[in-house]
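Engineer: Need coordinates for the below:
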Amino acid sequence: MYSLYHSLLAQHSRQLTPVSCAGSTIAQLQRYFEDVVLENNLAALVVESLPAAAVRPPRDFTRIKELDQAAKNLFLWVSPQDALSSLVLSRGKENTKSVVFERTDLDKTYERFVVIADSRFSALLASVKNEDSDDTSRDLVIWTFEPDVVYSALEYLMARVTAEHSFYSNAFSKAVRTSMPKATSLQLTLGVTTKLARLLQEQAEREIAVNRLATAIRNSLELDSVLQTAADEVGRALNVHSCAVRVEGALVGRQMTTSYFRRDLGDDAARALLLTDVDSISERLSASPQAYVVDGDNSQNGPVLADAVVPLIYQGSFVGLLLVRSDDASRIWAENELLLLHTVADQLAVAVNQAHLFAQMQQQALTDGLTGCYNRRSFELQLERDLHLATRMR
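Structural biologist: Sure thing, here's the model as predicted:
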């Protein structure tokens, strides 16, 4: 059976335009759709299918429970291998409105969709892997708020439930009939559309930041310059309070730290605090190099710093860290933001190794391989520098 994505494109090719997005961006888009239900207490029909994940953060389980409480009817397609399969909301609970389907199309583990139907709001999002692209990190996604397209999606899903889970066929059909999309609230649609536009713009800005860093690594073998570029680009892309990059270890030969501060900050006290924290975090990660995240807690009792830290790993060895810090008490680090940090950390680890290889080549070019003494080329270079200095001081 076709995926929902392919079925809708076949029926509504003029109304739907596929867009290539990172998987983390699509996950955030799906949360924006869910937010409409949660923030406006819509008694809507919500139908979702998520890509299989053996491990999920606690926030995913909390999210499903919140949707179960808010939505009029919630239907989930979940793979048996998914961590959410343990959260079978429809079994043994009288107060749940949810039904969990075990997915039988295990060859389509990449499929993701969410369909929301209510008398005053309708929306859908569907995505699949882009099989025509070599970039496996990007998927194809479509979304719309048109009631007729949403109804086509519900018709497809009714046929799918009848074919795969006939026991729930009547319950699903009844939920569709009682939640038939009639019109779309302009206010709700505008709110979601604004969030979508902002998210896509942020994705574009982050891709630009990664491209600038890659260009800096290609064009320069000076590690100080590369590290400063990384701190500046990440800090601006994520709009954070501060950002720090630390590299150390045998590959570098010395400890190097660069930092970025928002324009309204950057005083000596803020820099001293950041460097102190980088020292303590570096010591901790050198023993156990694992990324960690501290979200804001919405505290009203003074500044709360939300941190996200990713270690720099090269061939299994810890070579440094990337730290971003926000002074927004409500800051919750999104998946696409963490993906950016991991991408930059991987590029920096490669840059550290390139700088190490360049230093080795310089050393080999200027010293004798047997004795380690400086050779004729080293003597000539030093003589040229000294003559140039003497000429300037004349």
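
Engineer: Sketch out the low-pLDDT regions of the stretch 51-200 of the chain for me.
Structural biologist: Counting by pLDDT under 70, the ranges of the stretch 51-200 of the chain that qualify are 86-97, 104-110, 132-137, 181-190.

Engineer: hmm, try it at 80
Structural biologist: Scanning the stretch 51-200 of the chain for pLDDT under 80 picks out 57, 84-98, 100-110, 120, 130-138, 180-200.

Engineer: can you give me the strands for it?
Structural biologist: 73-78, 98-102, 112-118, 121-129, 138-144 (DSSP state E, counting those that start in this stretch).

Engineer: Mind listing residues that contact the first one?
Structural biologist: Residues outside strand 73-78 that contact it (C-beta atoms under 8 Å, 6 or more residues apart in numbering) are 45-50, 64, 67-68, 84-85, 89, 97-103, 161, 172, 175, 179. (Each C-beta comes from the backbone N, C-alpha and C, glycine too.)

Engineer: If any of these are buried, give me the PyMOL selection for them.
Structural biologist: Only the buried entries of the contacts of strand 73-78 go into this PyMOL selection, using 16 or more other C-beta atoms under 10 Å:
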select buried, resi 45+46+47+48+49+50+64+67+68+84+89+97+98+99+100+101+103+161+172+175+179
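
Engineer: Out of the contacts of strand 73-78, which sit inside helices?
Structural biologist: Of the contacts of strand 73-78, the ones assigned to helices by DSSP state H are 64, 67-68, 161, 172, 175.

Engineer: just these now: which is nearest Phe113?
Structural biologist: Using C-beta to C-beta, Val161 comes nearest to Phe113 of those, at 13.7 Å.

Engineer: mind checking pLDDT for Arg331?
Structural biologist: Per-residue confidence (pLDDT) for Arg331: 84.

Engineer: I figured it hits Gly296, correct?
Structural biologist: Yes. Contact criterion C-beta atoms under 8 Å: Arg331 and Gly296 qualify, at 4.3 Å.

Engineer: ok, back up a step: for Leu223, state which of the ones in helices among the contacts of strand 73-78 is nearest.
Structural biologist: Nearest member of these to Leu223, counting by C-beta to C-beta, is Ile64, at 45.1 Å.

Engineer: Check the spacing between the closest one and Ala71 real quick.
Structural biologist: 10 Å (C-beta to C-beta, to the nearest Å).

Engineer: next one: Asp268
Structural biologist: 52 Å.

Engineer: who has more neighbours, the two?
Structural biologist: Between Asp268 and Ala71, counting by other C-beta atoms under 10 Å, Ala71 is the more crowded of the two (26 against 7).

Engineer: Any figure for the gap between that one and Asp148?
Structural biologist: Per C-beta to C-beta, Ala71 is found 22 Å from Asp148.

Engineer: hmm, back to that, let me know the closest of the ones in helices among the contacts of strand 73-78 to Leu16.
Structural biologist: So of these, ranked by how close each gets to Leu16 (C-beta to C-beta), first place is Val161, at 22.6 Å.

Engineer: and the residue lying closest to the closest one once chain neighbours are set aside, what is it in contact with?
Structural biologist: Computed as C-beta to C-beta, 6 or more residues apart in numbering, the closest residue to Val161 that is not its neighbour in sequence is Phe172, at 4.6 Å. Phe172 makes contacts with 75, 99, 157-158, 161, as judged by C-beta under 8 Å, 6+ apart.

Engineer: do the same with Leu370
Structural biologist: Leu370 touches nothing, counting by C-beta under 8 Å, 6+ apart.

Engineer: tell me the secondary structure for it?
Structural biologist: coil (DSSP: H, G, I helix; E, B strand; the rest coil).

Engineer: so what's it scoring on pLDDT?
Structural biologist: Note on Leu370: pLDDT of 71.

Engineer: distance of it from Arg254?
Structural biologist: Noted for Leu370: a distance of 27 Å to Arg254, by C-beta to C-beta.

Engineer: residue ranges for the helices of this protein, please.
Structural biologist: With DSSP H as the criterion, the chain has helices spanning 4-11, 23-40, 58-70, 147-164, 169-178, 186-219, 223-238, 268-287, 335-366, 376-393.

Engineer: and of the ones you listed, who's closest to Glu248?
Structural biologist: Each of the helices of the chain was scored for nearness to Glu248 using C-beta to C-beta, and the closest is helix 268-287 (6.9 Å).

Engineer: Buried ones in that closest one, by neighbour count?
Structural biologist: So for helix 268-287, counting by 16+ other C-beta under 10 Å, buried means 270, 274, 277-278, 281-282, 285-286.

Engineer: wait, Leu274 sits on Ser259?
Structural biologist: Yes. Taking contacts as C-beta under 8 Å, Leu274 lies within contact range of Ser259: 6.0 Å.

Engineer: got any residues that touch both of the two?
Structural biologist: Jointly contacting Leu274 and Ser259 under the rule C-beta under 8 Å, 6+ apart are 242, 244.

Engineer: In this structure, which residue is most central in space?
Structural biologist: Asn336 (1.6 Å; C-alpha atoms, centre = their mean).

Engineer: these two touch, right, that one and Ile26?
Structural biologist: No. With contact defined as C-beta under 8 Å, Asn336 does not reach Ile26; the gap is 9.3 Å.

Engineer: Would you mind listing the residues in contact with Trp325?
Structural biologist: Wrong residue type there; residue 325 is Arg, not Trp. Counting by C-beta under 8 Å, 6+ apart, Arg325 has contacts 240-244, 274, 305-307.

Engineer: between those, which is nearest His356?
Structural biologist: Nearest member of the contacts of Arg325 to His356, counting by C-beta to C-beta, is Ala244, at 21.1 Å.

Engineer: residues contacting the closest one?
Structural biologist: The contact partners of Ala244, taken as C-beta under 8 Å, 6+ apart, are 231, 257-260, 274-275, 278, 321-323, 325.

Engineer: of all those, which comes closest to Ile116?
Structural biologist: Arg325 (35.7 Å).
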